[in-house]
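# 3D, please:
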Amino acid sequence: MIFTEFRFLFFFVAVFVVYWTLTSLPARKLWLLIASYTFYGAWDWRFLSLIVLSTLVDYCAGLQMAKDRPAGGRRFWLIASLVTNLGMLGFFKYFGFFLDSTESFLDFLGLSLSRPSLTVILPVGISFFTFQTMSYSIDVYRRRLQATRSLLDLALFVAFFPQLVAGPIVRAAAFLPQLRRPAMLSRVHFRPLLGLFLVGFIKKACISDNVATAVDPYFADPAQFTAAAAWLAILLYAVQIYCDFSGYSDMAIACAGLLGFELGLNFDAPYLARNLRQFWRRWHISLSSWLRDYLYIPLGGSRGSGLFTARNILLTMALGGLWHGAAWRFIVWGLIHGGGLLVHRQLFGTRDGESSGVVRWASTALTFYWTCLAWIFFRAPSMSDALQICRSYLFFDSPGSTTIDPAWWLLLAALAVAQIVARRIPRWYATVPAWSFSLGYGATVATALLFVRFEAQPFIYFQF
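Model prediction:
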């Protein structure tokens, strides 16, 4: 079930009406859990077993770690939680990748591997809900979070449908307390939440889905296109993936808010960042903070020599790339970002390199250029295609002659202006009369529907 489908609208209205009609807090939570399992089961009910298994293991592990027991006993339950979650993630997402890599390595050595015949389906959202449950167990182990004794609360934390399949990655410390106090409809800020959902819908259904019609043909056969077409396709892909993923996050945050829950900001105009360090504080904020708190800092962070810090940054970004997809090109994507972060650290330390005027805009352009270079490896179907595209992007050299309609350049310019202006527009919707808001909202919806493609397109991050 996709947020931009009409059936989701009917689903959410039903969930919303029943939820706010119920007065009992346990009944509300049970209703949301049923709705969340229904939402996920609409894709494939069989994989609900993974969510249930992860929930039960982490619930038991949390209760056991909360007991006053020796460190070794607590560590055992933490390991049990991590093995369960990483085991599921490793099998369903990385089984084929590691098998292919092993086979290639053995072929290089002149050996052969009898490959088992096994097709593994990747469950939607497994990377997201496993990271959430692991953060719960780790925080309980570190005694930064008190283990919940309510199985219902933990189950709803893991399966909460607005962000279940593509984030934001929610921390138990932020979500569980919200389950302990009854939400009040009078405290729901409808105007900004409805506006946020509409913005997310427009990003996804009107921009991302339509941009895909220019991006997909190029990446399907990049050698057939000119270098100018390569540049245009890469820039359009940067727009596509941003509008696709931030659009999902906007709609998820809005849906949760309409049910009385607050989810953290996940995007903050990342393409206006002046450097890669700032970019990663604005792009997929919930993932970058997760990698920082549960990987980079435990590895030692910057508490050591320059080489020690460089190792931690590169390893964190490489694993962050691997989290996105089971292919070497995702690791390269992460290493490109890691290398850029190291260069910035070498030049500016932990500072952002504050500047103004031309220098500031030049640094923003350079950051965006480097980010687009990394996007090549993220989007290309293979490493060989990625290298072919890099040739066009870096050296403006391509053997092809096919072009892409130059009118897309106008869209890029319009979206760039819109991104800059949007950060400076005051919250007009909070002060205008209700009739003005309703009229403007209705007109915007009607206009947006004119640009929606006939079939709803899956979100890009569903594959992760």
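# okay, now the unreliable bits of the stretch 1-150 of the chain?
105, 108-110, 112-119 (pLDDT under 70).
# which residue ranges form the helices in it?
6-21, 25-44, 48-66, 71-108, 126-141 (DSSP state H, counting those that start in this stretch).
# most tightly packed of these?
helix 126-141 (a mean of 24; mean count of other Cβ atoms under 10 Å). The way it works is simple: take the backbone N, C-alpha and C, and place the C-beta from them, glycine included.
# run the chain-centre distance for that one.
Relative to its chain's centre, helix 126-141 lies at 15 Å (Cα atoms, centre = their mean, to the nearest Å).
# with stretch 253-262 instead?
On the basis of Cα atoms, centre = their mean, stretch 253-262 sits 18 Å off its chain's mean C-alpha point.
# just the terminal-to-terminal distance for that stretch.
7 Å (Cα to Cα, to the nearest Å).
# report the mean per-residue pLDDT for that stretch.
Stretch 253-262 comes out with an average pLDDT of 95.
# what's the separation between the closest residue to Leu185 other than its chain neighbours and Asn275?
Using Cβ to Cβ, 6 or more residues apart in numbering and skipping residues adjacent in sequence, the residue nearest Leu185 is Trp20, 5.3 Å away. The gap separating Trp20 from Asn275 is 44 Å, by Cβ to Cβ, to the nearest Å.
# all the strands of the stretch 301-450 of the chain, residue numbers only.
Assigned by DSSP state E, counting those that start in this stretch, the stretch 301-450 of the chain shows no strands.
# so where's it shaky on pLDDT?
For the stretch 301-450 of the chain (pLDDT under 70), the answer is 349-356, 423-430.
# could you pull out the helices for it?
Secondary structure of the stretch 301-450 of the chain (DSSP H, counting those that start in this stretch): helices at 306-324, 328-348, 357-379, 383-395, 407-422, 434-449.
# for Trp231, find the nearest of these.
Closest of the helices of the stretch 301-450 of the chain to Trp231 is helix 383-395, at 6.6 Å (criterion: Cβ to Cβ).
# what does the closest one rub up against?
Identification of contacts with helix 383-395 by Cβ atoms under 8 Å, 6 or more residues apart in numbering yields 219, 222-223, 225-227, 230-231, 234, 328-329, 332, 372-373, 376-377, 380, 397-398.
# what does stretch 76-90 give?
50, 53-54, 57-58, 60-61, 64-65, 126-127, 130, 133-134, 137-138, 141.
# make it 6 Å
The contact list for stretch 76-90 (Cβ atoms under 6 Å, 6 or more residues apart in numbering) reads 50, 54, 57-58, 61, 64-65, 126, 130, 133-134, 137, 141.
# run the chain-centre distance for it.
Averaging C-alpha positions (Cα atoms, centre = their mean) puts stretch 76-90 22 Å from its chain's average.
# and for the closest residue to Phe378 other than its chain neighbours, the neighbour number?
Residue nearest to Phe378 in three dimensions, not counting chain neighbours: Trp333, with 4.7 Å by Cβ to Cβ, 6+ apart. Around Trp333 there are 27 other residues, counting by other Cβ atoms under 10 Å.
# show me the contacts for Trp333.
Contact analysis of Trp333 by Cβ under 6 Å, 6+ apart lists 321, 374, 377-378.
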